[in-house]
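Student: Task: produce atomic coordinates for the following.
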Amino acid sequence: MKTLTRAFADQRGVSLIELMVALIIGLFLIFGAVTIYQQSRTAFRTTEAVARLQEVARLAFDVLEADVRMASYWGLNNRADYIINRAAPGAGTPAPFTADQGERINQCGTGASSNWAINLAEYIAGSNNSFPYAATCGSVGTASATSDTLLVRRAADAAPASLDPDRIYLQTSRIQGTMFVPSSGCTSPTNPACIPPAYAPPASQSRALVVHGYYVATSSTFRTDVPALRRKSFGNVNAAIAADAVTDEEIVPGVEDLQVRFGVDTNGDTNVDQYVNPGSVPAGADVISATIWLRIRSEDREIGHVDGRTYQYADMTSAWTPPNDNYRRIVVSKTIQLRNTRV
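Tutor: A predicted model of the protein is given here:
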């Protein structure tokens, strides 16, 4: 009997105090593990959100930079003043274009003689904190009234395999160029009968005219609560409906603001002498670079996120304070050198 009692005594469990201490230690360990998990998850979400904003910026600049660098490219020369059938605002539509084609050319400009698509002397332009295009210019949604717009005029990168009778082309040689619309049924760019007189391949080349107008819309194609960077492209000069001469496409959602300043050379020394807003380029100056700012906003709210920063960039005279709307934002900028400007 004594032996059995001693055996039970040797097998007794932990005391209540020991059990409570073990529970408390376990709770601390669980709390620490949960805290580390939550912090890691928050850090992951933040990193992912910032990476997403940076990705949107990269996509936008991939399009913008390639286009801006080619401004004032006309094929075999970069002298817009040597190209026949160009026209400045206020001038009449050049004779090779019909009255209907002139209407399509002016579709996005201000006034009946804006020559919006063929004003080649202004190879890069825009508007400052305003939206200059009417609804007939193929607008989609509502454009931001406080963002800049950016306009690029140039020739296509590559020569076409065939000529489209609904497009405007530039035929350029080393000494001059001519804008023209191909005749219907004559589509070969290597056939002298299909291009302007006095030009003969391979001493001259055909290039489609490219006119792109970038702006910020307050809503994207698939979500009305997400802003987007959009682009107008001049195309069909023979469109049955004038508004169809210009197409409007979304570049990337998430761009909330676009600001532009041009670096201009005023004395011909190939250096930037000053930066000006779109629409304020001095007479006789050459635009040789463009600095572009994009404010990128997340597509979805992050509950609890507070953006306490202020933003001041481009020509802002005072800082912009974001609303407490739980959206994450970044501002990115890039200065792009124009390759084809005459300086």
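Student: residue ranges for the helices of this structure, please.
Tutor: Remark: helices assigned in the chain by DSSP state H are 2-10, 16-69, 99-105.
Student: Of the ones you listed, flag the one that's most buried.
Tutor: helix 99-105 (a mean of 18; mean count of other Cβ atoms under 10 Å). Every C-beta, even on glycine, is put in place using the N, C-alpha and C of the backbone.
Student: How about residues contacting it?
Tutor: 93, 97, 115-118, 168, 181, 234, 236-239, 242, 245 (Cβ atoms under 8 Å, 6 or more residues apart in numbering).
Student: what about 10 Å?
Tutor: The contact list for helix 99-105, computed with Cβ atoms under 10 Å, 6 or more residues apart in numbering, reads 87, 92-94, 97-98, 112-119, 166, 168, 181, 209, 211, 234-246.
Student: shouldn't Ile303 be in contact with Asn324?
Tutor: No: assessed by Cβ atoms under 10 Å, Ile303 is found out of contact with Asn324, at 11.9 Å.
Student: Can you pick out the residue with more neighbours from the two?
Tutor: Asn324 (10 against 6; other Cβ atoms under 10 Å).
Student: Dump the helices of the chain into CSV; add mean pLDDT and distance to Ala290 as well.
Tutor: Compiled in CSV, those are given as follows (pLDDT from 0 to 100; distance: least, Cβ to Cβ, whole Å):
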stretch, mean pLDDT, distance to Ala290
helix 2-10, 56, 87
helix 16-69, 83, 5
helix 99-105, 92, 24
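Student: Any stretches of this protein with poor pLDDT?
Tutor: Applying pLDDT under 70 to the chain picks out residues 1-13, 37, 41-46, 138-141, 342-343.
Student: now the strands for it?
Tutor: Remark: strands assigned in the chain by DSSP state E are 83-84, 124-127, 149-155, 169-172, 177-180, 205-217, 228-234, 246-253, 255-265, 274-276, 286-297, 329-337.
Student: Export those to a markdown table and append columns for distance to Val21 and mean neighbour count.
Tutor: Output for the strands of the chain, formatted as a markdown table (distance: least, Cβ to Cβ, whole Å; neighbours: other Cβ atoms under 10 Å):
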| stretch | distance to Val21 | mean neighbour count |
| --- | --- | --- |
| strand 83-84 | 89 | 18 |
| strand 124-127 | 72 | 22 |
| strand 149-155 | 69 | 26 |
| strand 169-172 | 86 | 26 |
| strand 177-180 | 89 | 24 |
| strand 205-217 | 62 | 23 |
| strand 228-234 | 60 | 22 |
| strand 246-253 | 56 | 18 |
| strand 255-265 | 55 | 23 |
| strand 274-276 | 70 | 16 |
| strand 286-297 | 51 | 22 |
| strand 329-337 | 49 | 16 |
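Student: among these, which is nearest Pro197?
Tutor: strand 177-180 (8.8 Å; Cβ to Cβ).
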